[in-house]
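Asker: Predicted model and sequence below, questions to follow.
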Amino acid sequence: MSEKKMSSSRRHYLKSLMLSIAKGLLEEEAKENEQERIRWMEENCPPLSLPGGTQQLMEFLKDLHHKIDVIDEERYDLESKVNKSAKEIEDLNIKVIDLKGKFKKPTLRKVRMSADAMLQALLGSKHKVSMDLRANLKQVKKEVKEEEKELRNVGDWRQNIEDKSGMDGRKKMFESEG
């Protein structure tokens, strides 16, 4: 991977050499195009011979007008074919791009949205739908066990401390356990 850097004079020399070669090729192509045009004109356009009389000149101009109309019709037909083909090519290019999947999927972000806002976004602003999720829930009655009630109904904590204080309280504790 050791690439030697080209000196600026060498680079300039190669660039000017490439430009001179390209210029020569363009000149040759222009000469060929000119020769092709001359050859085509000789094949398709006969030399102009103007008639001597007025009547013959009128006939010549009518014939020339007719040829111009025919050529204009051909040009119009070819132009419409080219436009139609260009439109088909553009449609096919769009289909190819769609099939390739050139479109990058954007990264999605989390959005906090209530159910009502989500429905409004999906259905549009015309539909007013409110979604109360709690209205559809069943009501469940809670059965409270008696033991839990007793544990909850301990009463005043100061009274419990007073009952358990002293020898009488300890005696009651042992009697209740046994």
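Answerer: Thanks, I have it.

Asker: would you list every one of the strands in the chain?
Answerer: Secondary structure of the chain (DSSP state E): no strands located.

Asker: next one: phi and psi at residue 111?
Answerer: Main-chain dihedrals, residue 111, degrees, to the nearest 10: phi -130, psi 130.

Asker: tell me the pLDDT at it?
Answerer: pLDDT, residue 111: 79.

Asker: Low-confidence bits of the chain, can you list those?
Answerer: Scanning the chain for pLDDT under 70 picks out 1-2, 102-104, 126-136, 143-178.

Asker: got the buried residues for stretch 106-123?
Answerer: 119-120 (16 or more other CB atoms under 10 Å). (Each C-beta comes from the backbone N, C-alpha and C, glycine too.)

Asker: Quick one: end-to-end length of stretch 105-125, please.
Answerer: 27 Å (CA to CA, to the nearest Å).

Asker: i'd like the first residue to be 437 from this point on
Answerer: Taking 437 as the first residue, the last one we looked at is stretch 541-561.

Asker: so how far is that stretch from its chain's centroid?
Answerer: Offset of stretch 541-561 from its chain centre (CA atoms, centre = their mean, to the nearest Å): 20 Å.

Asker: can you check stretch 452-465 too?
Answerer: Distance, centroid of stretch 452-465 to centroid of chain: 43 Å (CA atoms, centre = their mean).
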